[in-house]
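In: Sequence first, predicted model second:
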Amino acid sequence: AKVCRCSPTLSLSFFHSLSLSLSFCMSPFLGHERHTTSHGLSPRAAASHLDYPASVQSDTQEQGTLPRLLNLGQFPSLEEVSHALRFALTEPDGWKYHPKKGTAVLAGLAQKGLPGVARQVLASMLSATVAVDVFHCNAAMHAAQRCSAWEQIMSLLADMPEMQVVPDAFSFSTAISSCHRSGR
């Protein structure tokens, strides 16, 4: 049985401020359908960012990145994850130059319900100076959402500014729905 600890600080005022933050962050995108993100997607298409072409997904699986991470179990150390990602992060055709590959691996971890591994992947990317973007963070949040780990979602949402990532509508929606589902 999963035990969730309530935080008395998560109140109605929290959700109000979250809503105001969402309005502020999304204001440049409202009414500008042609604006694109770092992955070349419109803001509306960003909501379905976990659906990638088979070529991106198969390329990631051929390299063995996702299977190597899955073999580490639910709670690998940062060192283990960094070791498993060493080629994917640093090779010329790797995540540094093709961020969709990293997002595809994070989406695979989300499908398997491994939020701890996804969070370690983000940490490994940062330590290898690979840029983390909103799509990477949203995929990690999706992994936590599949496990009803609202605390991890809120933690990641709070850490996004430190990673120089601006949360988007999907980020806030995930946080709000996870807290609502858990009765927070």
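Out: Structure received.
In: Identify the residues contacting residue 121.
Out: 69, 81, 85, 102, 105-106, 109, 140 (Cβ atoms under 8 Å, 6 or more residues apart in numbering). Glycine gets a C-beta too; all of them are placed from N, C-alpha and C.
In: Least confident secondary structure element in this protein?
Out: None of the helices or strands of the chain scores lower by mean pLDDT, DSSP states H and E than helix 43-46, at a mean of 38.
In: rewinding a little: now, the most widely separated pair of the contacts of residue 121?
Out: 85 and 140 (14.1 Å; Cβ to Cβ).
In: Show me which of those two is the more surrounded one.
Out: A direct count of neighbours by other Cβ atoms under 10 Å for residue 85 and residue 140 places residue 140 higher, at 28 against 23.
In: List the contacts of the more buried one.
Out: Residue 140 neighbours (Cβ under 8 Å, 6+ apart): 106, 109-110, 115, 118-119, 121-122, 156.
In: and residue 183, which of the three is it?
Out: Three-state assignment for residue 183 (DSSP: H, G, I helix; E, B strand; the rest coil): coil.
In: how far away is it from residue 86?
Out: For residue 183, the distance to residue 86 equals 41 Å [Cβ to Cβ, to the nearest Å].
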